[in-house]
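1. Pasting the sequence and the predicted coordinates here, then a few questions.
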Amino acid sequence: LKGLIIETAYRKGYGNDLAEGSLRLARKYGAPEASVSIKGLEVPAYDPRGAFGLALSYATSYRGACHLRSWTIAFEVIGVPHLVNRFSSFEKPSLVKYTQDLAAIYDCLVMCKHFAIEFDEEPLSAMLSAVTGVEFSKEELLMVGERLWAIARLFNIREGFTRKDDVLPPKLRKPLDKGPIAGRIPPLDEMIKEYYAIRGWDSEGIPTKKLLDKLELRCYA
C-alpha cells in the first residue's frame, strides 16, 4: 500500500491511473458504476441513505458529493437548532436550499461549519456587515447565498453538467439489507423536482430569467 501511495503521488505505474480519481479510473476499465462519486467527487463519510436531506444535498451540490456545501446533518442527526426526521422527504428540498445558502455565507465569512451552525441569520448578517461595511438584512444575507448558488449552477451548465448529473451513484441507490437504514432509499427524483421549483430553476435545473433578474444576474443568462 505504501508503494502504491508513492506511485500515485509520482504518477508511476498503476498510480498514474489512481491519480485521476475513482471515476476516471473506473471508466478506463469499463466499470463506471464502481465509482462511488457524484460529478466526479467521491462520497465522504456520511451515507446519504441514512439522511434524505443529505442525499439531496449531495446530488445537487455544484462540486459533487460534498457534505460541506449544505450542513443538513445539523438538523437530521445532531438536532441543531432542532431535530427533523432524517428518513422523511417532507420539506427537505426547502431545508437543503436554506442550508446551502447559509453554507455559502459561512464560506464567504471563512467560518468553520462545525461551530457556524450555532449562528442564524441575525448574527451572520451583523458579521457580514462588519466585514464589508455594507448593511445586510437577514433577507439580503440569504440572497447572497442564493446568488452564489445560481452563479455556480450557471458555471456548471456552461461546463456541460446537466440534470442527469444531479444523481446518487448506483451503489447508493440500492438499499442495504440490514442495519438501521435497511431497505431505505431517498426519493431523489421527487425531491429534486421540488428543489428546482423552490430554487427558481426550470425542470432541467437551469436558473430562470425571472430568478436571474431578481438576483441581478441577468448578464449571466
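-> Sure thing, it's come through.
2. Now do the longest helix seen in the chain, average pLDDT.
-> Ranked by number of residues, the top helix in the chain under DSSP state H is helix 138-158. Averaged over helix 138-158, pLDDT sits at 96.
3. Put the alpha carbons of whichever helix or strand comes after that helix into PDB.
-> Note on helix 138-158: by DSSP states H and E, the next helix or strand toward the C-terminus is helix 188-199. Provided in PDB are the C-alpha atoms of helix 188-199 (Å, rounded to 0.1, in the frame of the first residue of the first chain):
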ATOM      1  CA  LEU A 188     -34.400  11.600  -5.000                       C
ATOM      2  CA  ASP A 189     -36.400  12.300  -8.200                       C
ATOM      3  CA  GLU A 190     -39.400  13.600  -6.200                       C
ATOM      4  CA  MET A 191     -37.200  15.800  -4.000                       C
ATOM      5  CA  ILE A 192     -35.200  17.200  -6.900                       C
ATOM      6  CA  LYS A 193     -38.300  18.400  -8.800                       C
ATOM      7  CA  GLU A 194     -39.500  20.300  -5.700                       C
ATOM      8  CA  TYR A 195     -35.900  21.600  -5.000                       C
ATOM      9  CA  TYR A 196     -35.600  23.000  -8.600                       C
ATOM     10  CA  ALA A 197     -39.000  24.800  -8.200                       C
ATOM     11  CA  ILE A 198     -38.000  26.300  -4.800                       C
ATOM     12  CA  ARG A 199     -34.700  27.500  -6.200                       C
END
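4. what comes into contact with helix 188-199?
-> 52, 55-56, 59-60, 89, 92-94, 96-97, 146, 149, 163, 166-168, 173, 202-203, 205, 207, 211 (Cβ atoms under 8 Å, 6 or more residues apart in numbering). For the C-beta atoms, the positions are set from N, CA and C on the backbone; glycine is no exception.
5. how does it look with 7 Å?
-> 55-56, 59-60, 89, 92-94, 96-97, 166, 168, 202-203, 205 (Cβ atoms under 7 Å, 6 or more residues apart in numbering).
6. try stretch 165-181
-> Counting by Cβ under 7 Å, 6+ apart, 33, 35-39, 43, 47-50, 55, 58-60, 182-185, 188, 192, 205 sit against stretch 165-181.
7. Mind doing that once more with 6 Å?
-> Residues outside stretch 165-181 that contact it (Cβ atoms under 6 Å, 6 or more residues apart in numbering): 33, 36-37, 39, 48-50, 59-60, 182-183, 185, 192.
8. what do you get for stretch 114-131?
-> Contacts of stretch 114-131 (Cβ under 6 Å, 6+ apart): 71, 74, 80, 105, 106, 109, 135, 136, 138, 141.
9. What residues does the most centrally placed residue in the chain make contact with?
-> Centroid check for the chain by Cα atoms, centre = their mean gives residue 61 as the closest residue, at 2.8 Å. Under the criterion of Cβ under 6 Å, 6+ apart, the neighbours of residue 61 are residue 69.
10. one more time with 8 Å
-> By Cβ under 8 Å, 6+ apart, the neighbours of residue 61 are 38, 39, 69, 70, 100.
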